[in-house]
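In: need a 3D model of the sequence below.
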Amino acid sequence: MDSSERDQAGQSASEATGEERHQAIEMPAGPTSEPAPEAAPTTAEPTPTEPLEQPESSGLEDFAAPQVQAFEPAQASAYEAAHVEPIGRSSGSKAVTVDRGVLERLIGGTYHDPHQVLGPHLGDEVVTLRVLRPFASTVTAVYDDQRVELEHEFEGVWVGVLDVDKVPDYRLEVTYTDGPALEVDDPYRYLPSLGEMDLHLIGEGRHEQLWTVLGAHVRRYDGPTGTVTGTSFAVWAPNAQGIRLTADFNFWDGRAHPMRTMGSSGVWELFVPGVGPGTRYKFDICGRDGVWRQKADPMANLAETPPANASVVHDSSYEWKDAAWLDHRASSHAYAEPMSVYEVHLGSWRKGKSYRELADELVAYVTEMGFTHVELMPVMEHPFGGSWGYQVTSYFAPTSRFGDPDDFRLLVDSLHQANIGVIVDWVPAHFPKDAWALARFDGTPLYEHPDPRRGEQPDWGTLVFDFGRPQVRNFLVANAVYWAEEFHIDGLRVDAVASMLYLDYSREDGQWVPNQYGGRENLEAVSFLQEMNATLYKRVPGVITVAEESTSWPGVTRATHLGGLGFGFKWNMGWMNDSLRYLEHEPVHRQYHHHEMTFSMMYAYSENFVLPLSHDEVVHGKGSLLRKMPGDRWQQLANLRAYLAMMWAHPGKQLLFMGCEFGQESEWSEKGELDWWLLDHSDHRGLQQLVKDLNGSYKDTKALWGTDHSPERFSWIDANDASNNVFSFVRYGEPGEPTLACVANFSAIPHHGYRVGLPYSGHWQEVVNTDADRYGGSGVGNFGGVEADSPGWHGMAGSAEISVPPLGTVWFRHDG
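Out: Numbers count the residues shown, from 1 in each chain. Below is the predicted model of the structure:
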């Protein structure tokens, strides 16, 4: 959020002014957790294997602002039932003692607010200091010119009294057996990194920049002795009994770093000074069931490279250079702009390339080919490469397989500077069951729906998000915003939308639960998608969302205020299935399936469509796009050339999976790379050249992209010439702009003297002919163009006799 929004929302401790940061060093941690409990019981508190009693609700649904006394000395809770006694100082200074049961819970990791026990606490002109160092031999407090040796109180808890009337800027000198003395800072003397407004918004599920307060963040505080740098860790786990921070800096033993709860928000927090970028960490969570589980951070910005799965502290220092691109994007409307999308799997486009290498090689290739956008298959961290990224475990972390987040920023920035948009696949429909990730995060079904009939996806063996829980919706909505704001992504292609919309998706009778009206629509998922789209379009001007939705759900791209889902575009799965089914027939049989190529125009303007030839069509035994075509090698290439040219002229934006542009022969596999060696053959180079020329002619002809949303700008010339396997139509430009006629012949013989109706008399330039010699064709053409005059034909004002090549498509443009 900008500075004005921050002023309105209330400044958090992490965003304090210099004076406030100074106070953060000098003042002790306040009781920012739960309201003070009753006097400590005389019996021992439960251990981690004896679950504490918890309310049935997480406390988030009925959230109110935390009842805390923020930034005041910690003198409540554990101390209310305590008494005062000397602790071994000849001066007679007194220290507040802590009930034994509280210490046992602290050591056991289940005390809700360690800061109420540990750290500095003001007393009667003294400061009581407690420190948790389970393996230390000695602990000494060092401040000003003073040294106070602390005494071991209880199983790693050390205590001492400082003869001062305010908390000094102290450090700890710690020794271990046979080791040197180490000077360290005390995590339990720092204020929370989350403000009350942050907690309020988290509780309501409305924190649109959730990633700025949860997760791991490097923070710097100015103190009397200089700047203190460390990392704040915060995680939402409302049903946890206790959470410890376990990391490489504490040798993966979190007993010295228990975290505190932040009121009733369900958030646990700890600032650890001295910890910086590159630190590997996890959260050790004691669930409601009393079982400890090590979990990766759901909000981590970086994760270890699989199969390792720890989260990694990252602090971005990237400086963007794409301001001109963002300004143009904000002032344009994507549906009225050219969009030719190249779908890429980064790991197999060229094997072994990093984000930085791709920023050179991929950008240069896409620029040369003339695509306007790339669509990246999921780049969010995922443990199993064979999932292609569609089973995400770290939604806020670009995969570390190819570099760190700033390396990914460089890739996006480089694409933008080359005037190429970036769309990223996003997977909010489901997530994997890995025990170290989101599944049963705090010992309960937290992110997933608790009813397996709604919370599990049987086809994929994954879990389904609980779209009705405000904090889970917030997690996903904020994640969508995160990729747009932090990485300047231009669009999200939302995967598996149909599985979200229908409660009975891929389920038999008895395996699903109807909604409250008895229907099969997932009303909570509908509401989530509307919220996500509305929020993203509001916050990031010019961004787009694209739905992979395979059913006829109405209003996918209708605005949310009109009752639609609010997407910018929808994949036209019907066109893809019908057209590929048609092309798989031998030419002699295609006349009986003519309708499969024309039916798409019956609904072409019901949504804002993208025509996808995606990775889904070249995997799982389906073969490559080229090998779907019948006939010998020449005919297969000719079929594919004709098909792509008709696709580029058809209403709707277009998407082509990598490798299809040069006729990849084998089925795609993420384990290898594209068969670039095929470009040693002239026929494959010819197909690649055609795609390059299609993109060029497409961008030069506004009628092909500027009027995709206008049904009056399309007209069939002849949709019914089934006997010749010919399709012909016109794309009209705005008044004064060029008009384009497309004629496609999917028979294996040429048609000479073929008369087509044309709306205007005069010269029509042949701008594309897929049978041209340069593409590997037979050279049947129209010598650069035709002249249209009377008689009228096909209901048009004029006509012309043309030559239509075998298995070929031609474009004619009239410049007016």
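In: low pLDDT regions in the protein?
Out: Applying pLDDT under 70 to the chain picks out residues 1-93.
In: could you list the domains of it?
Out: 21-53+61-180, 196-311, 323-570, 574-814 (automatic domain parsing).
In: most tightly packed of those?
Out: domain 196-311 (a mean of 21; mean count of other Cβ atoms under 10 Å). For glycine as for every other residue, the C-beta is placed from the backbone atoms N, C-alpha and C.
In: turn the domains of the chain into JSON lines, columns for distance to residue 187.
Out: Output for the domains of the chain, formatted as JSON lines (distance: least, Cβ to Cβ, whole Å):
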{"stretch": "domain 21-53+61-180", "distance to residue 187": "8"}
{"stretch": "domain 196-311", "distance to residue 187": "5"}
{"stretch": "domain 323-570", "distance to residue 187": "22"}
{"stretch": "domain 574-814", "distance to residue 187": "42"}
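In: nearest to residue 188, out of those domains?
Out: domain 21-53+61-180 (3.3 Å; Cβ to Cβ).
In: residues contacting residue 516?
Out: residue 523 (Cβ atoms under 8 Å, 6 or more residues apart in numbering).
In: tell me the secondary structure for residue 227?
Out: Assigned with DSSP: H, G, I helix; E, B strand; the rest coil, residue 227 falls in the strand class.
In: which element is the residue nearest to it when sequence neighbours are not counted on?
Out: Once flanking residues are discounted, residue 227 sits nearest to residue 220: 5.5 Å by Cβ to Cβ, 6 or more residues apart in numbering. Element membership for residue 220 (DSSP states H and E) is strand 215-223.
In: give me the sheet partners of that strand and which way each runs.
Out: Within its sheet, and counting by DSSP bridges, strand 215-223 is paired with strand 226-236 (antiparallel).
In: and the next helix or strand past the strand it pairs with?
Out: According to DSSP H and E, the helix or strand after strand 226-236 is strand 242-247.
In: what packs against that following strand?
Out: Of the remaining helices and strands, those touching strand 242-247 by 3 or more Cβ pairs under 8 Å, 6 or more residues apart in numbering; DSSP states H and E are strand 267-273, strand 280-286.
In: nearest to residue 189, out of the domains of the chain?
Out: Nearest to residue 189, of all the domains of the chain, is domain 21-53+61-180, at 4.7 Å by Cβ to Cβ.
In: and the closest residue to residue 495 other than its chain neighbours, how close does it get to residue 548?
Out: Leaving aside its sequence neighbours, residue 495 sits nearest to residue 427 (Cβ to Cβ, 6+ apart; 4.7 Å). For residue 427, the distance to residue 548 (Cβ to Cβ, to the nearest Å) stands at 10 Å.
In: now for those two: what residues contact both?
Out: With Cβ under 8 Å, 6+ apart, residue 427 and residue 548 have common neighbours 495-496.
In: spatially nearest residue to residue 679 (excluding sequence neighbours)?
Out: For residue 679, the spatially nearest residue (Cβ to Cβ, 6+ apart) is residue 685, at 5.5 Å.
In: what sits against the closest residue to residue 103 other than its chain neighbours?
Out: Leaving aside its chain neighbours, residue 103 sits nearest to residue 154 (4.7 Å; criterion: Cβ to Cβ, 6+ apart). Residues in contact with residue 154 (Cβ under 8 Å, 6+ apart) are 100, 103, 107.
In: what about the second one, helix or strand, and which?
Out: Using DSSP H and E, the element containing residue 103 is helix 100-108.
In: just the strands in the stretch 251-400 of the chain please.
Out: 260-261, 267-273, 280-286, 292-295, 302-303, 311-312, 340-344, 373-376, 380-381, 394-398 (DSSP state E, counting those that start in this stretch).
In: what's the closest of those to residue 805?
Out: strand 340-344 (23.4 Å).
In: in TSV, list the strands of the stretch 251-400 of the chain along with distance to residue 143.
Out: Formatted as TSV, the strands of the stretch 251-400 of the chain follow (distance: least, Cβ to Cβ, whole Å):
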stretch	distance to residue 143
strand 260-261	24
strand 267-273	15
strand 280-286	29
strand 292-295	35
strand 302-303	36
strand 311-312	33
strand 340-344	57
strand 373-376	52
strand 380-381	42
strand 394-398	38
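In: identify whichever of those strands lies nearest to residue 668.
Out: Between residue 668 and the strands of the stretch 251-400 of the chain, the shortest separation by Cβ to Cβ is 10.5 Å, and it involves strand 340-344.
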